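A.B. asks: here you go, sequence then predicted model.
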Amino acid sequence: MKKFAVLVLVVVGGMLFAAGCGGGSSSSSTAQLRAVNAVSDSLGYDYLVGGTTFATDLPFGQSGATPYTQVSSGAQTVEVRNTGTSADLIDISESFTGADNYTFVTVGLNTQVSGVLFTDQTTAAAAGDVQIRVINASTALGPMDVYIVPNGTNLYTVSANAANVAFGSATSYLTLPAATYQIEITPPGSKGYIYLYSGAQVYTATSVITIVIEDQTGGGFPLNFIQLTDVAASAT
């Protein structure tokens, strides 16, 4: 129970999605790519990479991420369309380095969509640790402070793990002891309004995780999240 008066907007049944195990077997001629639809008012997107269909009717929400899939290295055109249409909402050139992994996130609103490409970590976290990266895809909130704290932590007693994370950007991979944490999102510099409270999330040693912070379906608060596995925990 929090011991301070705040407006808490709670996520009920936070969105979790293990999109592949990460650390794929790409060669120097291929890379691994996954796509995330973080546009809260979209009805589903088709993705093309290098003129070839990459994903079809990718929804917003809990199922809004693809697994890692091989793409050719080098410069590739990435196109995003409303499902079943031929008009591009996004048509950009991205460069993929062989043997690297990437996450392409569509952000914004359906009337003004953009895409952001992130390079993913492919090596496991050290023994006893977990590494977590947070991507800000919330149109409603904009810049945010990110807290990854043990359950029951009073935010007024700690500093943000990452402060003023801009819309469409990501934190670095944050190294923490493997344990149970809660993710809390607030406006920059303010701890009185919690726009996402994840509840208890268990993180296993050596795993590498990306968390995408999104608006609720249709836009606005409370915020939701999708949790993606960049590198799965090592078998013990």
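C.D. replies: Nice, I can see it.

A.B. asks: centre-most residue in this protein?
C.D. replies: The residue at the geometric middle of the chain, judged as the C-alpha nearest the mean C-alpha position with Cα atoms, centre = their mean, is V212 (2.3 Å).

A.B. asks: need the residues that contact the helix or strand hosting it.
C.D. replies: With elements taken from DSSP states H and E, the one containing V212 is strand 208-214. Residues external to strand 208-214 that are found in contact with it (Cβ atoms under 8 Å, 6 or more residues apart in numbering): 15, 22, 36, 38, 40, 60, 65, 103, 105, 118, 120-121, 123-125, 130-138, 144, 170, 173, 183, 185, 196, 203, 223-231. No exception for glycine: its C-beta is placed from N, CA and C like everyone else's.

A.B. asks: what pairs with it, and is each one parallel or antiparallel?
C.D. replies: Listed by DSSP bridges, the sheet partners of strand 208-214 and their directions read strand 129-136 (parallel), strand 224-231 (antiparallel).

A.B. asks: now the buried members of the contacts of strand 208-214.
C.D. replies: Neighbour counting over those (16 or more other Cβ atoms under 10 Å) leaves 15, 22, 36, 38, 40, 60, 65, 103, 105, 118, 120-121, 124-125, 130-138, 144, 170, 173, 183, 185, 196, 203, 223-231 as the buried ones.

A.B. asks: what does stretch 155-162 contact?
C.D. replies: Contacts to stretch 155-162, defined as Cβ under 8 Å, 6+ apart, come from residues 4, 134, 145-149, 171-172, 174, 184, 186, 191, 194.

A.B. asks: and if we set it to 6 Å?
C.D. replies: Among residues not part of stretch 155-162, those counted as contacts by Cβ atoms under 6 Å, 6 or more residues apart in numbering are 4, 145-149, 171, 174, 191.

A.B. asks: now stretch 67-80
C.D. replies: When contacts are taken as Cβ under 6 Å, 6+ apart, the neighbours of stretch 67-80 outside the stretch itself are 19-20, 24, 29-34, 45, 47-50, 88-96, 98, 106.

A.B. asks: alright, I will stop here.
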